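Colleague: Model the structure of this input:
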Amino acid sequence: MKKVSMLLLTVFLLQGCTSQSSPTPPADTEKPPVAAPPQTPTPAPQQPPATTQPEPAPEQKPGDQQPPDSYSNDIFKDVTVKKTGTDTFEVTGKAQVFEGVVSYVVEDGHNELTKGSFQTSAGAPAWGDFSHTINVKKAEANSTLTLILFETSMKDGSRRMELIVPLPEK
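Modeller: Take a look at the predicted model:
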């Protein structure tokens, strides 16, 4: 019963907040509406249809796709990953995360190979810059590594706003 009464009270309060009444001006200050002069439409100049043909896209084989230069979502932007050594990757970008803490996991599709966290230059609501080096070795030679950046929820420890970035092979 308390929930129902709280719900009704909330609905009435919200309804009162959204209804806006505007004061009516006094009758002696009203002015008659001004009529706008009629406008005649001007005809658009006719142009011949464009005869240019779109350039054909360069041929790509399936699986020969170029990865984007940077990755972004609501709390990460301009995230790039560069392979700096045999098992070393440098991750750079900007993040808007609580207390400036970015968490990450590197996995191969089946197993988490490494995980950790690092600090950005500023906490939310500011965008903090980051640059972090990750050392991770593949468990199997033919696997593909994926970096998952996220913010850890202070409420329940869950991952928030995951950004999935494939790690480059070369």
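Colleague: could you show me where the strands are in the protein, in order?
Modeller: For the chain, the strands defined by DSSP state E cover 76-83, 88-95, 101-107, 112-119, 128-135, 146-152, 159-166.
Colleague: Okay, now the unreliable bits of the protein?
Modeller: Residue ranges of the chain with pLDDT under 70: 1-2, 4-68.
Colleague: Tabulate the CA atom coordinates of stretch 98-110 in CSV.
Modeller: Coordinates of each C-alpha in stretch 98-110 appear next as CSV, following Å, rounded to 0.1, in the frame of the first residue of the first chain:
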residue,chain,number,x,y,z
PHE,A,98,34.6,7.8,-12.3
GLU,A,99,37.7,8.8,-10.4
GLY,A,100,39.7,8.5,-13.6
VAL,A,101,40.0,4.7,-13.3
VAL,A,102,39.8,2.6,-16.5
SER,A,103,39.6,-1.2,-16.1
TYR,A,104,40.5,-3.6,-18.9
VAL,A,105,40.6,-7.3,-19.8
VAL,A,106,42.4,-9.0,-22.7
GLU,A,107,40.9,-12.2,-23.9
ASP,A,108,41.3,-14.6,-26.8
GLY,A,109,37.6,-15.4,-27.2
HIS,A,110,37.7,-18.2,-24.6
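Colleague: related to what we said a few turns ago, turn the strands of the chain into JSON lines, columns for mean neighbour count.
Modeller: C-beta coordinates here come from the backbone N, C-alpha and C atoms, glycine included. JSON lines is the format used below for these (neighbours: other CB atoms under 10 Å):
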{"stretch": "strand 76-83", "mean neighbour count": "17"}
{"stretch": "strand 88-95", "mean neighbour count": "19"}
{"stretch": "strand 101-107", "mean neighbour count": "19"}
{"stretch": "strand 112-119", "mean neighbour count": "14"}
{"stretch": "strand 128-135", "mean neighbour count": "16"}
{"stretch": "strand 146-152", "mean neighbour count": "20"}
{"stretch": "strand 159-166", "mean neighbour count": "16"}
